[in-house]
Each structure stands twice: as C-alpha cells, then as structure tokens.
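>>> Here's a sequence, model it:
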Amino acid sequence: MVKITDVARRAGVSPSTVSYVLSGKRTISAETRQRVEESIRELGYRPHAGARALASSRSNVLALVMPLRPGVHVPVQMQFAAAVATKARAHDHDVLLVTQEEGEEGLRRVANSALVDGLIVMDVQMQDARIPLLRALGLPSVLIGFPARADELTCIDLDFTATGERCVDHLAELGHRCVALLGSPPEVYARGTGFAQRTAAGFTSAARRRGMASTVVPVEPGRDAARRTVERLLREQPALSALVVHNEPALGALVEAFQRAGMAVPEELSVVAVCPDEVAENAAVPVSSVSIPAVEVGEGAVELLMAKLADRDVPDATLLPPRLTLRASTAPHRAPAKPRYAPAHARDGSECLTAP
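Take a look at the predicted model:
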C-alpha cells in the first residue's frame, strides 16, 4: 500500500508538505504542488478516508433520501440512485442511501449524525413536511423535485408541467379532440407528489387551451386494474381517441387492454407515455414518449450539491425541458367507422367527459 511518506520521498518534500497539498490548509508553491500531484498520480496514492475527513472536517459522504413509499416505481428510482452514486464517486464522495419513510425525523437524524456533508432529497411533495426543516438545518441540500413553494431551496427535475403540455400538444396537432391522462396510482396523487400533480396540471391546462375534452384517471397496479380502467373509459367516453400514460409499470397492460377491447394502436388510439426510453422502445407497439432523464437529473443534483459545498452560487431552480421522441404509437385522428360504446347517458355517442 502506498503511504504518504512514499509520495513525499518521490516528490523530494516532507510528508507535511504532501498533507498541505491534499488539505489546502497552507499555500504551497505551484512548482512544489505540481511535483506532489505528479507523485500522487504516478504512485496511485489515495488518502485514507478517515484521515482526510479529519483534515477537512468533511465526511466525503452524501445522503440520498429516497423513501420507498406506496406507488413508487422502484426500478426508475434506482436509475436516479445509480446516477447519484456514480457522479458522487467522480467527486470522491460516497453515498448513504436512506430509504425508510421517516419524514422530518429521518432528515434530522441524518443531519445530526455528522455522517454526511449534504443531502439529496427525492419524492418531493407539493406540501412537503420536510421543507421547513431543510431550510433550517444549515446542511447543504438539493431536491430532486419541486414543492409548491421552492424559495430558499435548490431544486432540479424534469419540467413535468411542460411535459404534460407537450404530450397534449402533439396529440392535438394530430387532430385528436378527446384525450385521457392515465396516471400514477391513487396514493401518489393523495400524497400530493410533485411530479404527478404537475404533469396533470400541464395536461389539463394544454387540453383546455386546445379546446379538447380531457380527463385524469389514476391507475391502480396490476393487469386487472388496467382492464377495469379501460372498460370504464370506453363506457364513459366513447369518443376517446388518445392517451397520455404517466404510469410506466401499467403501460403495457393498458395498451393490451385497449387492443383486446378492439382499439388498434395507433389506428384507433394514439398513445404517448412519460417513461424511460427502454420501456417505450420495448413495448409491443413502440410508444411515442417523453423520457425520464434519470441520469441527467441525478448527476445534476450531485453537481449542484458539490457546488454548494464549495460555496459557489447555484441556480434555485433547474428545470430540464421535455424531449418527445416519436414512435409507432401515434397517428392522425380518424373517426371510427362505428360507435364503440353507447352508454345510456350518451346523446350522440361523441362526448368525452372532463374530470372535476
């Protein structure tokens, strides 16, 4: 194992000089610093983590607070976690993963432990009870997601409001007039989770602006729930010709249920999803989609946090614009040759109800 004395001997300096180069606690001439850094690289020296933390008053550990709540799709969450961990290692930091739903108490416990230099917080709710504590802790933090009030916070995420709008605009440009958002499980909306609420708001706003009839329907997990959702939609909204799906685990089951009900994709039903690219690409009918930029957001959160730790100015809000990739699941609207359903309340078989 390479020791600090080996680095010092090769560079022709004292071990204390090597320590000062590593800690930055004293001014070292550029020539001496260069010799020490070259010796470190050539010998492959890595400072002992405990000694480095004592020297810098830093732990070189970041906490990723990722509560695994009901309705959370774990594979996508883990994409964020992997991106955070990989980028943190590039900055010589490790990641402490906090997955239990402990709310404010969990944040306080981690912050008071002196185990971490900063926090990255996920699954942010519109009225998140953790926000007042984050403002008061004095520990640098970055949120992946936006609460209703984001002042005095540093937040990064996909622009989900613009995402809902972009999906509707694409379908409107294809001539569709009746559209539904099939969203996350009900408990995600009940918690006021930011990404779900903002997507629904953008979807509804764009549909209103375009003069389209629209509805938002949470979707329970499982194929039976997908089938029941589809049957309900086709009974209540016989003019439905387009979907936005913001529930990646349910995407395949929903498309299959519509096809079993006799609606071909995209001939009779256009589908746009908000999901990872690999989910959209591998569907039975490749789905037009706005991708979830987990890597870009996760890496961006680490970069923002590292900048805060270095006392550099960072933007309060970083919103990534939606990128819509067109695939085989969307096509221009054409009227069905015959009515699909004729519910008792229908006057002309053409209405699409707007959810309250």
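>>> who's in contact with the closest residue to Met66 other than its chain neighbours?
Counting by C-beta to C-beta, 6 or more residues apart in numbering, Met66 lies nearest to Met122, which is 4.6 Å off, once chain neighbours are set aside. Heads up, the C-betas are built off the backbone N, CA and C, glycines and all. Neighbour list for Met122: 64-67, 77, 80, 143-145 [criterion: C-beta atoms under 8 Å, 6 or more residues apart in numbering].
>>> Can you pick out the most distant pair from these?
Farthest apart among the contacts of Met122 by C-beta to C-beta are Gln77 and Leu143. That separation is 14.8 Å.
>>> on that earlier part again, so can I have JSON lines of the contacts of Met122 showing secondary structure and distance to Leu251?
Putting those into JSON lines (DSSP: H, G, I helix; E, B strand; the rest coil; distance: C-beta to C-beta, whole Å) gives the following:
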{"residue": "Leu64", "secondary structure": "strand", "distance to Leu251": "27"}
{"residue": "Val65", "secondary structure": "strand", "distance to Leu251": "28"}
{"residue": "Met66", "secondary structure": "coil", "distance to Leu251": "23"}
{"residue": "Pro67", "secondary structure": "coil", "distance to Leu251": "24"}
{"residue": "Gln77", "secondary structure": "helix", "distance to Leu251": "17"}
{"residue": "Phe80", "secondary structure": "helix", "distance to Leu251": "19"}
{"residue": "Leu143", "secondary structure": "strand", "distance to Leu251": "27"}
{"residue": "Ile144", "secondary structure": "strand", "distance to Leu251": "22"}
{"residue": "Gly145", "secondary structure": "coil", "distance to Leu251": "22"}
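>>> Include pLDDT and distance to Cys275 when you put those residues into JSON lines, please.
Listed next are the contacts of Met122 as JSON lines, based on pLDDT from 0 to 100; distance: C-beta to C-beta, whole Å:
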{"residue": "Leu64", "pLDDT": "96", "distance to Cys275": "22"}
{"residue": "Val65", "pLDDT": "94", "distance to Cys275": "24"}
{"residue": "Met66", "pLDDT": "92", "distance to Cys275": "19"}
{"residue": "Pro67", "pLDDT": "89", "distance to Cys275": "21"}
{"residue": "Gln77", "pLDDT": "94", "distance to Cys275": "13"}
{"residue": "Phe80", "pLDDT": "97", "distance to Cys275": "14"}
{"residue": "Leu143", "pLDDT": "98", "distance to Cys275": "22"}
{"residue": "Ile144", "pLDDT": "98", "distance to Cys275": "17"}
{"residue": "Gly145", "pLDDT": "97", "distance to Cys275": "17"}
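>>> coming back round to it: more neighbours: Gln77 and Leu143, which one.
Leu143 (27 against 18; other C-beta atoms under 10 Å).
>>> so the more buried one bridges to which residues?
As for beta bridges, Leu143 partners with Val121, Cys155 under DSSP bridges.
>>> if I pick it, what's in contact with it?
120-122, 124, 134, 150, 153-156.
>>> same thing with Ala150?
Neighbours of Ala150 in contact, by C-beta under 8 Å, 6+ apart: 143, 316-317.
>>> Tell me the one of those nearest Ala253?
Distances from Ala253 to those, taken by C-beta to C-beta, are shortest for Leu143, at 31.6 Å.
>>> May I see the buried residues of the helix or strand harbouring Leu305?
Per DSSP states H and E: Leu305 is located in helix 294-309. Using 16 or more other C-beta atoms under 10 Å as the test for burial, helix 294-309 gives 294, 297-308.
>>> With stretch 157-169 instead?
157-169.
>>> List every C-alpha atom in that stretch, with coordinates, as PDB.
The C-alpha coordinates for stretch 157-169 follow below in PDB (Å, rounded to 0.1, in the frame of the first residue of the first chain):
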ATOM      1  CA  ASP A 157     -36.100  17.900 -12.100                       C
ATOM      2  CA  LEU A 158     -37.800  17.300 -15.500                       C
ATOM      3  CA  ASP A 159     -40.200  20.100 -16.200                       C
ATOM      4  CA  PHE A 160     -43.300  17.900 -15.600                       C
ATOM      5  CA  THR A 161     -45.800  20.800 -16.300                       C
ATOM      6  CA  ALA A 162     -44.300  21.300 -19.700                       C
ATOM      7  CA  THR A 163     -44.200  17.600 -20.200                       C
ATOM      8  CA  GLY A 164     -48.000  17.300 -19.800                       C
ATOM      9  CA  GLU A 165     -48.400  20.200 -22.100                       C
ATOM     10  CA  ARG A 166     -46.100  18.800 -24.800                       C
ATOM     11  CA  CYS A 167     -47.900  15.400 -24.900                       C
ATOM     12  CA  VAL A 168     -51.300  17.100 -25.300                       C
ATOM     13  CA  ASP A 169     -50.000  19.500 -28.000                       C
END
